[in-house]
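Participant: below are the sequence and a predicted model; questions follow.
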Amino acid sequence: MMNVLTKQQINFFQFNGYLLLENAVDDNALNLLRTEFQGWVDESRQQNENYGECIDGRARFDLEATHSAVAPALRRVNAPVEISETYNSVMRNSRMSQAVSDLIGPDVKFHHSKVNSKLPGSNTNVKWHQDFLFTPHSNDDLVTALLMLDDVTEDNGPLEILPQSHKGPLHSLWHNNQFTGAVEESVAKESQANAVQCCGTAGTVCLMHTRLLHASAPNQTSRSRTLFICVYSAADAIPCSPNPMPNKFEGDIVSGQDTNKVRAVAYSIRLPEVSNTASFFNQQDKDA
């Protein structure tokens, strides 16, 4: 299989901890992804609380408190690859997944997926954190791929990242003996002061190292901001805690082969608390 990324793009990712790649899916796939998500939004209009069921019993569809039939606020679809052939196909076979293989391959496996959406007027914000603290593995060759299903602009709640922070410390998400899902305030303020926004047109993917500090603000515009998010790992990265979004495809090889090996690096963290609700947003609602 030919590489999707150039050596310069790979070097940029390794140095900065992220990379924006345009046209990560073809137009047909993008349209199908958008259409299916809109179908879920329309379906949510008939609901007044989180609904659906994932394999661990938690709700598949997560609604903001402001949700209504008139102004739907579907903010999370858990494990969409389990209920959509289109989402499953894009996760496995697209320029997005091939680019991940260029970064941490050739042997790559799937961990979990979700759709995070900020519909018009959404109040959802994501506090500063590092994904690795939610999904610790034996090594940190993990990539979070955030595929933009809508145009992402500087004012509709784009991903904000701190470049090169993947080379720095792992910041605890535990405070006052509570798992808050967010770093302490001093780290958040410093990160925000040096943040870079990741904007792009629909079909662009942000490939993000699992240790990179990131956050996002609410969407206060009339435009949706929806991301299809897939987490991948090197085949020899073995999970050290339960998957925050268990799914029947966890561990599937999407590139190369299963090496039946484990590779370990040294680090020390307090293991995450697995959410008993539909998403980590409830954990981040706790005061740090």
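Facilitator: Perfect, I can see it now.
Participant: for the rest of this, base every contact and every neighbour count on C-alpha atoms.
Facilitator: Fine.
Participant: would you list every one of the helices in the protein?
Facilitator: Per DSSP state H, the chain carries helices over the ranges 7-16, 27-44, 85-92, 95-104, 185-193, 281-284.
Participant: pull the residues that contact the fourth one.
Facilitator: The reference is to helix 95-104. When contacts are defined by CA atoms under 8 Å, 6 or more residues apart in numbering, helix 95-104 is touched by residues 3-5, 10, 23-25, 90-91, 107-108, 141-143, 145, 147, 205, 207, 232-234, 254-255.
Participant: equivalent analysis for the fifth one, please.
Facilitator: Applying CA under 8 Å, 6+ apart, the contact partners of helix 185-193 are Lys127, Trp128, Ile161, Leu162, Leu213, Ala288.
Participant: so which of the residues you listed is the closest to Ala29?
Facilitator: Ile161 (27.1 Å; CA to CA).
Participant: before we move on, back to that, list buried residues within the contacts of helix 95-104.
Facilitator: By neighbour count, with 16 or more other CA atoms under 10 Å, the contacts of helix 95-104 hold 4-5, 10, 23-25, 90-91, 107-108, 141-143, 145, 147, 205, 207, 232-234, 254-255 as buried.
Participant: flag the least confident of the contacts of helix 185-193.
Facilitator: Lowest pLDDT of those: Ala288, 42.
Participant: coming back round to it: which of the contacts of helix 185-193 fall in strands?
Facilitator: Counting by DSSP state E, the contacts of helix 185-193 place Lys127, Trp128, Ile161 in strands.
Participant: reformat these as TSV; add neighbour count and distance to Asn50.
Facilitator: Listed next are the ones in strands among the contacts of helix 185-193 as TSV, based on neighbours: other CA atoms under 10 Å; distance: CA to CA, whole Å:
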residue	neighbour count	distance to Asn50
Lys127	21	22
Trp128	27	25
Ile161	26	29
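Participant: number of residues surrounding Pro218?
Facilitator: 19 (other CA atoms under 10 Å).
Participant: cool, Ala69 as well?
Facilitator: Applying other CA under 10 Å, I find that Ala69 has 14 neighbouring residues.
Participant: residues touching it, list them.
Facilitator: Ala69 touches Ser44, Arg45, Gln46, Gln47, counting by CA under 8 Å, 6+ apart.
Participant: want to throw the residues you listed into a markdown table with neighbour count?
Facilitator: Below are these laid out as a markdown table (neighbours: other CA atoms under 10 Å):
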| residue | neighbour count |
| --- | --- |
| Ser44 | 22 |
| Arg45 | 16 |
| Gln46 | 11 |
| Gln47 | 15 |
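Participant: need the winner for burial among the helices of the chain.
Facilitator: Highest mean neighbour count of the helices of the chain: helix 95-104, a mean of 23 (counted as mean count of other CA atoms under 10 Å).
Participant: thinking again about what came up before, just name the closest of the contacts of helix 185-193 to Ser68, please.
Facilitator: Lys127 (24.7 Å).
Participant: OK, contacts around that closest one?
Facilitator: Here Lys127 is in contact with Gly181, Ala182, Val183, Ala188, His214, Ala215, Ser216, Gln284 (CA under 8 Å, 6+ apart).
Participant: still on that earlier bit, any chance of the contacts of helix 185-193 in CSV, plus distance to Ser224?
Facilitator: Below are the contacts of helix 185-193 laid out as CSV (distance: CA to CA, whole Å):
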residue, distance to Ser224
Lys127, 19
Trp128, 22
Ile161, 20
Leu162, 24
Leu213, 24
Ala288, 29
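Participant: and the strands in the stretch 101-250 of the chain?
Facilitator: Assigned strands in the stretch 101-250 of the chain, in chain order: 108-118, 126-129, 142-148, 159-161, 174-175, 178-179, 196-198, 205-209, 214-216, 225-234 (criterion: DSSP state E, counting those that start in this stretch).
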